[in-house]
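Asker: show me the folded form of this:
(one chain, ligands or ions: 2)
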Amino acid sequence: MSPITAELGKRVNAGAETNAFKCYQCKRCSIGCPVASYGDLHPAQVMRAVQLGDIDAAAASKFIWLCTGCETCTTRCPQGIDIAAVMDELRKIAREEDKVNKDTGFANVLKLNLDSMKRWGRMSEIELVALDKLTRPSSLMADVGLGIKMFGKGKLPIIPGRGDRKQMRRIAAEAERIEAERRRMRRVPIVDKEGGE
Ligand code: SF4
Ligand code: SF4
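Answerer: Ligands and ions are numbered 1, 2, ... in the order given. Now for the predicted structure:
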């Protein structure tokens, strides 16, 4: 078993501008979360993994990719923890540390979607489906019936439409620049104003 360390918690706190160490496991976040029952972990379990410094459990969790960012958990938390921001931060850490669970459909599709937008200036549905199936073997036979139906209705055009590629790349580059600046500014771990971490 890996030793308990505060490193992951400090990193998450700095990026999310919150204090995950204040969680006392009341589970109000999990009870209110609309997708808690569909994941491998629920929000309170993710928070516990962060406190324990268990990056493999927290950042490789499929749940962090199911999170819709609805902020119900953040609203319900009696400790005022921004749990939705913690999920955001864990997704970034998962990408940076190459911890994304390879069988997590939504994580794969989000990445492919961004690449597709940069390439074509808009999303290419057929490319998205094809690349997801090639890069995530468990998706190979999934939704085949739906795909045939969509194809029949002309919803999966073979030739991708072109959007404003230059503008899309500019937007993506600007978003990356803002995020890099945000991370640079938050390098120092946030310490609780009441004294603890
Ligand atoms: S609601 Fe807040 S204190 Fe309660 S388990 Fe969730 S994160 Fe922890
Ligand atoms: S922000 Fe994410 S973790 Fe929080 S309640 Fe919504 S879906 Fe659940």
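Asker: which strands or helices does the longest helix seen in the chain pack on?
Answerer: The longest helix of the chain (DSSP state H) is helix 165-185. Applying 3 or more C-beta pairs under 8 Å, 6 or more residues apart in numbering; DSSP states H and E, we find helix 165-185 packed against helix 105-120. Just so you know, the C-beta spots here come from the backbone N, C-alpha and C atoms, and that holds for glycine as well.
Asker: ok, the residue nearest to D82 when sequence neighbours are not counted to ligand 1 distance?
Answerer: Residue nearest to D82 in three dimensions, not counting chain neighbours: T18, with 4.0 Å by C-beta to C-beta, 6 or more residues apart in numbering. T18 is 10 Å from ligand 1, where distance means C-beta to the nearest ligand atom, to the nearest Å.
Asker: surely T18 is in contact with V86?
Answerer: Yes - between T18 and V86 a contact is recorded at 6.5 Å, counting by C-beta atoms under 8 Å.
Asker: what does the protein have sitting close to ligand 1?
Answerer: 23-29, 43-44, 47, 76-79, 81, 83 (C-beta under 6 Å from any ligand atom).
Asker: which of those residues count as buried?
Answerer: Among these, those buried by neighbour count (16 or more other C-beta atoms under 10 Å) are 23, 27-29, 43-44, 47, 76-77, 79, 81, 83.
Asker: circling back to that earlier point, list the buried residues in the longest helix of the chain.
Answerer: Neighbour-count burial for helix 165-185 flags M168 (criterion: 16+ other C-beta under 10 Å).
Asker: returning to what we had before: the more surrounded of T18 and V86?
Answerer: Shown here are T18 and V86; by other C-beta atoms under 10 Å, V86 has more neighbours (29 against 23).
Asker: show me what contacts that one?
Answerer: Counting by C-beta atoms under 8 Å, 6 or more residues apart in numbering, V86 makes contact with 12, 16, 18, 20, 46-47, 50.
Asker: could you identify the most distant pair in the residues you listed?
Answerer: T18 and V46 (13.3 Å; C-beta to C-beta).
Asker: need the helices for the protein, in chain order.
Answerer: Counting by DSSP H, the helices of the chain are 7-16, 28-32, 43-52, 55-59, 63-66, 72-76, 83-96, 105-120, 125-135, 144-152, 165-185.
Asker: would you format the ones you listed as JSON lines with mean pLDDT and distance to I159 included?
Answerer: Putting these into JSON lines (pLDDT from 0 to 100; distance: least, C-beta to C-beta, whole Å) gives the following:
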{"stretch": "helix 7-16", "mean pLDDT": "92", "distance to I159": "40"}
{"stretch": "helix 28-32", "mean pLDDT": "97", "distance to I159": "44"}
{"stretch": "helix 43-52", "mean pLDDT": "97", "distance to I159": "42"}
{"stretch": "helix 55-59", "mean pLDDT": "92", "distance to I159": "38"}
{"stretch": "helix 63-66", "mean pLDDT": "94", "distance to I159": "30"}
{"stretch": "helix 72-76", "mean pLDDT": "97", "distance to I159": "41"}
{"stretch": "helix 83-96", "mean pLDDT": "94", "distance to I159": "31"}
{"stretch": "helix 105-120", "mean pLDDT": "85", "distance to I159": "10"}
{"stretch": "helix 125-135", "mean pLDDT": "83", "distance to I159": "9"}
{"stretch": "helix 144-152", "mean pLDDT": "80", "distance to I159": "13"}
{"stretch": "helix 165-185", "mean pLDDT": "87", "distance to I159": "15"}
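Asker: kind regards, and thank you for your time.
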